[in-house]
Every structure is written in C-alpha cells, then in structure tokens.
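In: sequence first, predicted model second:
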Amino acid sequence: MVFKIISVFLIFMMVLALFGRLRFPGQQKLNDIKCPKCGRYRIGKGPCACEKDRS
C-alpha cells in the first residue's frame, strides 16, 4: 500500500514538471537577457541601472 502511494506521488510530480516546462518554453531565454552596455543581467522590464540618469 505504501509503495502505491509513493509511486502515485512520484508520477504526479513528473506530470507537474512536464506541464511546467511546456507552459513556459522560452523562459530561459528571457531570463538570460543581459544589458548590452555593462553586461549585467537585467531584472524586470525597466532600464538597466547603468542607463538610469544619476542626477
């Protein structure tokens, strides 16, 4: 009985992992966008910290 519970749990986790990969196919490419000026990773949609006006 315990073996059945563990195997069903593992199958359920595998199905969730597959759906997670299918839902965001280009997520890795979007995460790896770097600033062309300084080379740092850009977080969010706003400009990089090196492009902001520091007045």
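Out: Looks like it came in fine.
In: in this protein, where is pLDDT below threshold?
Out: 23-28, 30-32, 53-55 (pLDDT under 70).
In: now do 50
Out: Applying pLDDT under 50 to the predicted model, the residue ranges of the chain that meet it are 55.
In: biggest helix in this structure, by residue count?
Out: Looking across the chain with DSSP state H, the single longest helix is helix 2-23.
In: contacting residues around that helix?
Out: Counting contacts by Cβ atoms under 8 Å, 6 or more residues apart in numbering, no residue outside helix 2-23 touches it. From N, CA and C alone the C-beta is placed, and that goes for glycine too.
In: repeat for stretch 45-52
Out: Contacting residues not belonging to stretch 45-52 are listed as 35, 37-38, 40, 42 [Cβ under 8 Å, 6+ apart].
In: convert it to CSV, retaining C-alpha atoms only.
Out: Taking only C-alpha atoms (Å, rounded to 0.1, in the frame of the first residue of the first chain), the coordinates of stretch 45-52 have been written out as CSV:
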residue,chain,number,x,y,z
LYS,A,45,11.2,45.4,-17.8
GLY,A,46,12.8,48.7,-16.8
PRO,A,47,16.1,50.1,-17.9
CYS,A,48,19.4,48.8,-16.5
ALA,A,49,21.0,50.6,-13.6
CYS,A,50,23.8,51.8,-15.8
GLU,A,51,21.3,53.5,-18.2
LYS,A,52,19.5,55.4,-15.4
